[in-house]
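J.: next one to model:
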Amino acid sequence: MSEIGQTQSSDEGAGELTGDLDFFGDVPSWTPEIDRTCGKVAHWIRCDFTGGMVYGLQHIGKSSCAQYIALTIPAILGPRISIVLWPTDEHEKKSAENMLAGWIRRSGCEYYNQKGREKLQYTLCDHLVDKATAENATRILIIIDDSHWLQREAYALLMSLTNELKLKGKRPFVLQVAQPELVQVKSSFSGSNSLQIVSRFFGVEHEYLGITLNDLDEFLAELEKSRPGGFTRNFLPHLAKQGFSLEDIARPMRVAAQTIAQSQSISAEVRLPMGRLRSSLCSLFYRLRADPSVGVVSEQLIYECFQESDLASVLGYYVSKST
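T.: I've put the predicted structure just below:
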């Protein structure tokens, strides 16, 4: 085994890799950061705020966080909340009608091909009210992913929509999930004529960050439980027979990440972006499946996976922006 930091070829000792395995599944992976964010959003809704923002750097799992919130908020607050998730299409922002049609379609309504802004507004409002009523819900949670793409006109549409929902006996909360540019969007509404928009949609905020090294144990423990019988038994049965579990790689992952940080003179808290971490873990799992002779997951092996996913080259960016 070479010294940690001396990268070998990604193919060395890996054997032949075949197949395409779904290690993570379609449901967003639980992380302590996602859990903390979901709890904060639930608290905002309980306290009757009307809107808030969750922002963070690219590739740290914000869209997965939005999906996780949509799936789990009813378990936290109870079933009397209706939820819609609206990913933002950069091309729809150019037209109010296109934007409304997109919101209608993503809310599960088939009448999004209508013409005219006013008609589309009524259709959207009526559909959200009907959906909430059918679900016996008094609250409506509207999650807008990538909301940094929204134009100023979109907030006027949202203001009108939420006013109508209130008049019809519903209690809306608009959650914006976006990149840090959303902070500048909020600042652009600082004038006295826009204070209502700031209060309505930017009243509370939370910065979504990457995974801390201390969070790795909990994250890997949950990933281990994500498959019936255990992740290791399903995907790495030869290691399962030795008593191996995913939590066992938390320590070498910390050492490998700290080695990269030290080599780059990073002294601040290390945060791992979920996108790169996920790719690193996939690389590791395929390597372990391809070479059953590997009985111990070393810091060097993790380091090589971090290098393959390019995590090493971006680590400083996430550290410097998230502390």
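J.: domain ranges for the chain, per the record?
T.: 32-207, 226-321 (automatic domain parsing).
J.: can I get those domains in TSV including distance to residue 26?
T.: (C-beta placed from N, C-alpha, C; glycine too.) Compiled in TSV, the domains of the chain are given as follows (distance: least, C-beta to C-beta, whole Å):
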stretch	distance to residue 26
domain 32-207	10
domain 226-321	11
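J.: out of these, which is closest to residue 219?
T.: domain 32-207 (6.6 Å; C-beta to C-beta).
J.: of all the domains of the chain, which lies closest to residue 25?
T.: domain 226-321 (6.7 Å).
J.: rounded mean pLDDT for the closest one, please.
T.: For domain 226-321, mean pLDDT rounds to 92.
J.: likewise for stretch 168-176?
T.: 97.
J.: do stretch 79-97 as well
T.: Stretch 79-97 comes out at a mean pLDDT of 85.
J.: centre of the chain to it, how far?
T.: In terms of C-alpha atoms, centre = their mean, to the nearest Å, the centre of stretch 79-97 is found 16 Å from the chain centre.
J.: can you check stretch 50-68 too?
T.: From the chain centre to the centre of stretch 50-68 is a distance of 5 Å (C-alpha atoms, centre = their mean).
J.: flag every buried residue along it.
T.: Residues 50-57, 59-62, 64-68 are the ones in stretch 50-68 that count as buried (16 or more other C-beta atoms under 10 Å).
J.: cool, and stretch 183-202?
T.: Here stretch 183-202 shows 185, 186, 189, 197, 198, 200, 201, 202 as buried, counting by 16+ other C-beta under 10 Å.
J.: nearest to residue 36, of those residues?
T.: Using C-beta to C-beta, the buried residues of stretch 183-202 come closest to residue 36 at residue 202, 20.2 Å.
J.: just the ones of the buried residues of stretch 50-68 in strands?
T.: 51, 52, 53, 54, 55 (DSSP state E).
J.: report the beta-bridge partners for the third one.
T.: Read that as residue 53. residue 176, residue 205 (DSSP bridges).
J.: which residues does it contact?
T.: Contact analysis of residue 53 by C-beta atoms under 8 Å, 6 or more residues apart in numbering lists 147, 175, 176, 177, 178, 182, 186, 201, 202, 204, 205, 206.
J.: element containing residue 283, please.
T.: helix 274-290 (DSSP states H and E).
J.: in that helix, which residues are buried?
T.: Residues of helix 274-290 classed as buried by neighbour count (16+ other C-beta under 10 Å): 274-289.
J.: wait, residue 66 sits on residue 143?
T.: Yes: contact status for residue 66 versus residue 143: in contact at 5.2 Å, counting by C-beta atoms under 8 Å.
J.: common neighbours of these two, please.
T.: With C-beta under 8 Å, 6+ apart as the test, residue 66 and residue 143 both reach 85, 175, 177.
J.: for stretch 31-45, buried residues please.
T.: 31, 32, 33, 34, 35, 37, 38, 40, 41, 42, 44, 45.
J.: mind checking the SS state of the last one?
T.: Using DSSP: H, G, I helix; E, B strand; the rest coil, the secondary structure recorded for residue 45 is helix.
J.: can you read off the pLDDT for it?
T.: So residue 45 comes in at 97 (pLDDT).
J.: for the fifth one, same thing?
T.: The pLDDT attached to residue 35 in the predicted structure is 95.
J.: how close does it sit to residue 218?
T.: 9 Å (C-beta to C-beta, to the nearest Å).
J.: let me see the ranges of the strands in the stretch 51-200 of the chain.
T.: 51-55, 81-87, 139-145, 171-178 (DSSP state E, counting those that start in this stretch).
J.: now render these as TSV, adding distance to residue 155.
T.: Output for those, formatted as TSV (distance: least, C-beta to C-beta, whole Å):
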stretch	distance to residue 155
strand 51-55	10
strand 81-87	14
strand 139-145	11
strand 171-178	9
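J.: my guess is residue 79 contacts residue 137, does it?
T.: Yes: if you go by C-beta under 8 Å, residue 79 and residue 137 touch, sitting 7.4 Å apart.
J.: neighbour count winner among the two?
T.: Per other C-beta atoms under 10 Å, whichever of residue 79 and residue 137 has more neighbours is residue 137, with 19 against 10.
J.: circling back to that earlier point, tell me which of the shared contacts of residue 66 and residue 143 is nearest to residue 108?
T.: For the shared contacts of residue 66 and residue 143, the nearest to residue 108 is residue 85 (10.4 Å; C-beta to C-beta).
J.: residue contacts, the residue nearest to residue 65 when sequence neighbours are not counted?
T.: Computed as C-beta to C-beta, 6 or more residues apart in numbering, the closest residue to residue 65 that is not its neighbour in sequence is residue 34, at 5.1 Å. By C-beta under 8 Å, 6+ apart, residue 34 lies in contact with 28, 61, 64, 65, 68.
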